[in-house]
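here is a sequence with its predicted model. Questions after.
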Amino acid sequence: MTDTAAIIGGGVIGGGWAARFLLNGWNVRVFDPDPHAERKIGEVLANARLALPQLYDVAMPAEGALSFHPSIAEAVEGATWVQESVPERLDIKHGTYREILSHAERDALVGSSASGFKPSELQESVERPGPIMVAHPFNPVYLLPLVELVTTDANSKEDIERAEAILRGIGMAPLHLLNEIDAHIADRLLEAVWREALWLVRDDIATTEEIDDAIRYGFGLRWAQMGLFETYRIAGGEAGMKHFIAQFGPCLHWPWTKLTDVPELTDELIEKIASQSDKQSGALSIRQLERLRDENLIGIMRSLKDRDSAAGALINAHERQIARPLAGHDGEVAAPLCLWEATVLPSWIDYNGHMTEYRYLQVFGDTTDALLRMIGVNRDYVAGGHSYYTVESHLMHLGEAKLGDRLTTTTQILSSDEKRIHLFHTILAGEQSVATAEQMLLHVDNKESRACPALPDVSAAIAKITQKHAGMPRPDTAGRHTGQRRSA
Ligand SMILES: NC(=O)C1=CN([C@@H]2O[C@H](COP(=O)(O)OP(=O)(O)OC[C@H]3O[C@@H](n4cnc5c(N)ncnc54)[C@H](O)[C@@H]3O)[C@@H](O)[C@H]2O)C=CC1
Ligand SMILES: C[N+](C)(C)CC(=O)CC(=O)[O-]
């Protein structure tokens, strides 16, 4: 059964949560008194649909259903997870929890997006505080994985574990704080930088743009992949962290920061910051800036993913969780095999407005890799000195794959022997075949770069599939050569 999340408060953050849950296959029920909430969430969702699937090399779950409701009582109906994202005001948050807990399912968990309030402050408004915990996300919630989970003794161990599992299930990285504190971890760090930046603008040391340059051309790039302590460990050179502290520790007492003082936010200072910010970024709308931000985040996260590092390692782990099991994973051989699914992403579209040709080969290649994994040609097999190489491919384009199409592939083994696999893949968009590939794979000794027989287990696995597929009709276009007329 599809899980349901209720989103109470659908602004910047509630909208991001709604998108994160929906794109991970949850149904989402929203309550927000703002008459523009539906439109705003629609716009956030449109950006998220373009962005989030780009992080994955497997198809994401089918999108859940989104609905809007006139009251909290109705919105929380049937929800396993209720995410509160109302304004950062304790009185509004307290009233919201009272309403949620009067109507939610008894075992529903209530996450609060609160940036600064401690969970004990949130829980004090209700008689049954157990379900309420801080689940503080980062904007854009649909892309950034971190969620600070802050709890108190009122939260049971089981509920905390359940919350962590739910958040991991939607691709997030719950960071459970050892103890509660105002503004948790990340916002304490961000506020320190923010306060210092306000001083620098106020004192005419730098403009808003120059401060952003100092971050994006320098330490911001380091922070995205190593954080603070790992970066400074390296900055200590071979002598490491202790040397770093010995050298730079004393500076903490020098006038390098004004952290304890807050510049007075006079009308003049606010006007100065706002006009510098307009000059810096006013040429683009907020939605355009969001798309720019998302594309850049995707680029950074994809490259971390390729290295299985930092946030990229999390995406890989989530991908393994959501990848649908291959046909045949339980020893049963389907005819044809259905081994791969993919979503057509924006970067796959060419100037003709449909999927560009090399992406077809990518999908066929991914399907072949899935077949090889299925018959036991895994990392260990390759590391042991053997693999299959594709030595011939014939692709036929039969239809158009469009942005957002969910593609599935089928695979028929036409024949095989100890060295060769002759196969026929088809890509389908829905029911329609959009392309086929007939390929010959050759088993090789990859150290010697020469053909050789597959090892016995792999040979047996491919023989079993070949035997099962022997009864299938041969595809009309198998054996076809380029330029041949379509019908006899
Ligand atoms: N904006 C940000 O960068 C981040 C904000 N947060 C936290 O998320 C929460 C929400 O912040 P934003 O989304 O930025 O604010 P927002 O102003 O964009 O959205 C708040 C939404 O709550 C709705 N609302 C007001 N009263 C309500 C009520 N009684 N019941 C239901 N909905 C109500 C408003 O109509 C509005 O759509 C705050 O606690 C904030 O600290 C957390 C992470 C980042
Ligand atoms: C500005 N803010 C304190 C609401 C920011 C956050 O809470 C997290 C974020 O996304 O930066």
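Great, that's in hand. Ligands and ions are numbered 1, 2, ... in the order given.

going forward, measure contacts between C-alpha atoms and count neighbours the same way
Noted.

can you give the distance of the host helix or strand of Ala274 from its chain's centre?
Taking DSSP states H and E as the definition, Ala274 sits inside helix 267-281. Computed by C-alpha atoms, centre = their mean, to the nearest Å, the chain-centroid distance of helix 267-281 equals 34 Å.

output that helix as CSV - backbone C-alpha positions only.
Only the C-alpha atoms of helix 267-281 are listed here, as CSV (Å, rounded to 0.1, in the frame of the first residue of the first chain):
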residue,chain,number,x,y,z
ASP,A,267,16.5,50.6,7.3
GLU,A,268,19.7,51.9,5.7
LEU,A,269,21.5,48.6,6.1
ILE,A,270,18.6,46.6,4.8
GLU,A,271,18.2,48.9,1.8
LYS,A,272,21.9,48.6,1.1
ILE,A,273,21.8,44.8,1.2
ALA,A,274,18.6,44.6,-0.9
SER,A,275,19.8,47.0,-3.6
GLN,A,276,23.2,45.2,-3.8
SER,A,277,21.4,41.9,-4.1
ASP,A,278,19.1,43.3,-6.8
LYS,A,279,22.1,44.4,-8.7
GLN,A,280,23.8,41.1,-8.3
SER,A,281,20.9,38.7,-9.0
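
how much space separates His69 from Ser112?
19 Å (C-alpha to C-alpha, to the nearest Å).

what sits up against stretch 238-251?
Tyr232, Arg233, Ile234, Ala235, Gly236, Gly237 (C-alpha atoms under 8 Å, 6 or more residues apart in numbering).

how about that stretch: buried residues?
Neighbour-count burial for stretch 238-251, counted by 16 or more other C-alpha atoms under 10 Å, picks out Met241, Phe244.

please apply the same query to stretch 373-392.
For stretch 373-392, by 16+ other C-alpha under 10 Å, it's Met374, Ile375, Gly376, Val377, Asn378, Val382, His386, Ser387, Tyr388.

and for Gln362, the neighbour number?
11 (other C-alpha atoms under 10 Å).

can I get the helix or strand containing it in CSV, CA atoms only?
Gln362 is part of helix 357-374 when elements are defined by DSSP H and E. C-alpha atoms of helix 357-374 as CSV (Å, rounded to 0.1, in the frame of the first residue of the first chain):
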residue,chain,number,x,y,z
GLU,A,357,20.7,9.0,-30.1
TYR,A,358,23.6,8.2,-27.8
ARG,A,359,21.2,7.9,-24.9
TYR,A,360,19.5,4.9,-26.6
LEU,A,361,22.9,3.2,-26.6
GLN,A,362,23.3,4.1,-22.9
VAL,A,363,20.0,2.5,-22.1
PHE,A,364,20.9,-0.6,-24.1
GLY,A,365,24.3,-0.7,-22.4
ASP,A,366,22.7,-0.4,-19.0
THR,A,367,20.4,-3.3,-19.9
THR,A,368,23.3,-5.4,-21.1
ASP,A,369,25.1,-4.7,-17.8
ALA,A,370,22.0,-5.8,-15.9
LEU,A,371,21.9,-9.0,-17.9
LEU,A,372,25.6,-9.6,-17.2
ARG,A,373,25.1,-9.0,-13.5
MET,A,374,22.2,-11.5,-13.6
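
any idea how far that helix is from the middle of the chain?
Averaging C-alpha positions (C-alpha atoms, centre = their mean) puts helix 357-374 22 Å from its chain's average.

mean confidence (pLDDT) on that helix, please.
For helix 357-374, the mean pLDDT works out to 95.

for it, buried residues please.
Tyr360, Leu361, Val363, Phe364, Asp366, Thr367, Thr368, Asp369, Ala370, Leu371, Leu372, Met374.

who's in contact with the helix or strand that that helix is followed by?
Toward the C-terminus, helix 357-374 is succeeded by helix 379-383 as the next helix or strand (DSSP H and E). When contacts are defined by C-alpha under 8 Å, 6+ apart, helix 379-383 is touched by residues Ser387, Asn446.
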